[in-house]
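*Asks:* Next one to model:
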Amino acid sequence: MHQGIYLVNIGWNESAIGIAFLSMGLTSLIVQTYAGDIIDKTSIDRRLILGLAALLTSCSVMAIFFVHDNGANTDHAMMYITKIIEGMASSFINPCLAALTLASFGPDQFDTIMASNTLWSHIGSSLSAILAGTAAYVFYPQIKFCFFVISFSGLLALFFIQCLPEGDPLMGRGFASSNKSLQDDDEDSNDHVLEADELKHNIILYTKSKDGIDTNNPIAFSYIEVMSEPKTLILCLTGFFFHFANANVLLVLGELMTLNENNNDDDQGGISQSVIPLTAGAILLAQATMSIATIIADKFTKRGIGRKPLFIAALITLPLRCALLVYWKDAGNTYLLSTQILDGLGFGFISLIHPYLIADITFGTGRFNLIMGMTASCFGLGATLSNFLGQMVVEKLGHVASLSGSLILSFIPIVVFVLFMPETYHTRGIDRKAAHDGDMNTSMPNPLEMTVNADYVLA
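*Replies:* Next comes the predicted model:
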């Protein structure tokens, strides 16, 4: 958003800016599913891929300094290319982080660690918004200096990436660990007996080592099996319509606040000095609320609240937000800005519960990151279409019509998720393929009587 405002200020037209960001969005859409599949199957240390993605993203942000600010509306090709590179690089970041988390902490601790990761991500985004907004205000009218802050944040991440553990590569793609030392630790801590509750969460499939199965190279589910899973398809459809209704709302909010500020500003021409800080304030408020929402969702999860009610609560925030924006469109920026609290609550819950759902659905299939990428692509497709079509509606019919359209669309994901999505809490690790094939009845002993010994290994 900051880059878009800056480019408008130096003379770029809206269509050129739209093409630049559409290039990034479409690239991300195309690459995300492939990125997840690559992260699943790669033999390269995932930390190296994460570091490269962070470096390319930072370099893309810095490209704004090479755009001439002479009002000639030039340098389009350079911005388009850097946005394509940024779209490709950013597609690898979330799958890498999720894979490293699962690889290092396993399915039992995944929820807790992902909640911590998400919380610190929101805190980092909040700090970045504060510093970028401050830099833009202090160095006005040279607001491009705010991009130093954003780029430096990405470069700083390179230092901390090297401190991350690599973990178990197989577990990072959604297989149970084949690490013998981890199994020995489990035997000691559980007195050589797996309780029924733990079996429900952790056991995928037990096979006898004498059958000759290579447990160090387990066979992943086929693409069609995991991509046609009903729960996955429902999540894709829900996320698509949520982001289709939601993404344009922030743009409309920024436009309404910018119009208010420019109308109240005595200076003629150019952009108001307070616009970038005001935009940063909207982002900051949402990110701060996301941090709180992450803490709340994590506590509810630990108390046994399932995924479905938390996800539904997130979806409900969108129609409330749209309705308030329509009602308060002329009430001033304070009222408009306050609606970002709802955005923070909704997106905070969704960004946390999304990987939980994917881990529940896919653990044991070996396709965890593939489905993370596939669902992210569906979410991104909705957001891209929302920005494109939403702005067309703004241009032709105005801001209220665009917000009203988002309000109507926001009920679709609620209906789809409520009616068709089952609860997935406490289902992580249940082997659907074995159950379907009937293997559980013949190859796996009674869970209540089974003692872990050298004859059995996690596949």
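
*Asks:* What segments of the stretch 201-350 of the chain are strands?
*Replies:* Secondary structure of the stretch 201-350 of the chain, counting by DSSP state E, counting those that start in this stretch: strands at 206-208.

*Asks:* Could you list the low-confidence segments of the protein?
*Replies:* Counting by pLDDT under 70, the chain contains low-confidence ranges at 1-6, 8-15, 69-74, 141-142, 177-217, 261-277, 279-280, 429-459.

*Asks:* check contacts around the most centrally placed residue in it.
*Replies:* Central residue check for the chain by Cα atoms, centre = their mean: the C-alpha nearest the mean position is that of residue 351, 5.4 Å away. Counting by Cβ atoms under 8 Å, 6 or more residues apart in numbering, residue 351 touches 118, 290, 294. Backbone N, C-alpha and C define where each C-beta goes, glycine included.

*Asks:* What are the neighbouring residues in contact with the second one?
*Replies:* If you count contacts by Cβ under 8 Å, 6+ apart, residue 290 has them with 122, 344, 345, 347, 348, 351.

*Asks:* can you rerun that using 7 Å?
*Replies:* Going by Cβ atoms under 7 Å, 6 or more residues apart in numbering, residue 290 touches 122, 344, 347, 348.

*Asks:* what do you get for the first one?
*Replies:* Applying Cβ under 7 Å, 6+ apart, one finds that residue 118 lies in contact with 294, 351, 352.

*Asks:* Can you tell me the SS state at the second one?
*Replies:* Reducing the assignment at residue 351 to three states with DSSP: H, G, I helix; E, B strand; the rest coil gives helix.

*Asks:* how much space is there between it and residue 417?
*Replies:* 16 Å (Cβ to Cβ, to the nearest Å).

*Asks:* which of the contacts of residue 290 lies closest to residue 391?
*Replies:* Proximity of the contacts of residue 290 to residue 391 was ranked by Cβ to Cβ; the top entry is residue 347 with 20.2 Å.

*Asks:* For residue 393, see how far away the nearest residue to that closest one once chain neighbours are set aside is.
*Replies:* With Cβ to Cβ, 6 or more residues apart in numbering as the measure, residue 290 is the residue that lies nearest to residue 347, at 5.9 Å, once sequence neighbours are left out. Distance of residue 290 to residue 393, given as Cβ to Cβ: 27 Å.

*Asks:* can you check residue 360 too?
*Replies:* Residue 360 is 37 Å from residue 393, where distance means Cβ to Cβ.

*Asks:* Those two: who's more crowded?
*Replies:* A direct count of neighbours by other Cβ atoms under 10 Å for residue 360 and residue 393 places residue 360 higher, at 22 against 19.

*Asks:* who are the neighbours in contact with that one?
*Replies:* Under the criterion of Cβ under 7 Å, 6+ apart, the contact partners of residue 360 comprise 424, 427, 428.

*Asks:* Over to it: give its phi and psi.
*Replies:* Listed backbone geometry of residue 360 is phi -60, psi -40, with angles given as degrees, to the nearest 10.

*Asks:* can you list the domains in this structure?
*Replies:* Partitioning the chain according to automatic domain parsing yields domains covering residues 2-170+221-428, 179-215+434-458.

*Asks:* so of the ones you listed, which one's packed in deepest?
*Replies:* Across the domains of the chain, averaging neighbours per residue (mean count of other Cβ atoms under 10 Å) puts domain 2-170+221-428 on top, at a mean of 19.

*Asks:* give me the element the closest residue to residue 322 other than its chain neighbours is part of.
*Replies:* Here the nearest residue to residue 322 in space, its sequence neighbours aside, is residue 407; by Cβ to Cβ, 6+ apart that works out to 3.8 Å. Assessed by DSSP states H and E, residue 407 sits inside helix 399-409.

*Asks:* And the contacts of that helix?
*Replies:* Residues contacting helix 399-409 (Cβ under 7 Å, 6+ apart): 241, 244-245, 248-249, 252, 255-256, 319, 322-323, 325-326, 329, 390, 393-394.

*Asks:* try 10 Å
*Replies:* When contacts are defined by Cβ atoms under 10 Å, 6 or more residues apart in numbering, helix 399-409 is touched by residues 241-242, 244-249, 251-253, 255-256, 259, 318-327, 329, 382, 386, 389-398.

*Asks:* Please state the offset of that helix from the chain centre?
*Replies:* Mean-position distance between helix 399-409 and its chain equals 24 Å (Cα atoms, centre = their mean, to the nearest Å).

*Asks:* Surely residue 147 touches residue 62?
*Replies:* Yes: Residue 147 is within contact range of residue 62, at 6.8 Å (criterion: Cβ atoms under 10 Å).

*Asks:* For the stretch 351-459 of the chain, just list every one of the helices.
*Replies:* Remark: helices of the stretch 351-459 of the chain, listed N- to C-terminal, are 368-397, 399-409, 411-420, 432-437, 439-443; assignment by DSSP state H, counting those that start in this stretch.

*Asks:* Skipping its backbone neighbours, what lies nearest residue 172 in space?
*Replies:* In space, residue 172 is closest to residue 103, 3.0 Å off (Cβ to Cβ, 6+ apart).

*Asks:* Please apply the same query to residue 385.
*Replies:* The shortest distance from residue 385 to any non-neighbouring residue, by Cβ to Cβ, 6+ apart, is to residue 244 (5.8 Å).

*Asks:* and that neighbour, what is it in contact with?
*Replies:* Counting by Cβ under 10 Å, 6+ apart, residue 244 makes contact with 378-379, 381-387, 389-390, 405-406, 409-410, 412-413.

*Asks:* try residue 247
*Replies:* The neighbourhood of residue 247, defined by Cβ under 10 Å, 6+ apart, consists of 25, 379, 380, 382, 383, 384, 385, 386, 387, 388, 390, 406.

*Asks:* make it 8 Å
*Replies:* By Cβ under 8 Å, 6+ apart, residue 247 lies in contact with 382, 383, 384, 386, 387, 390.
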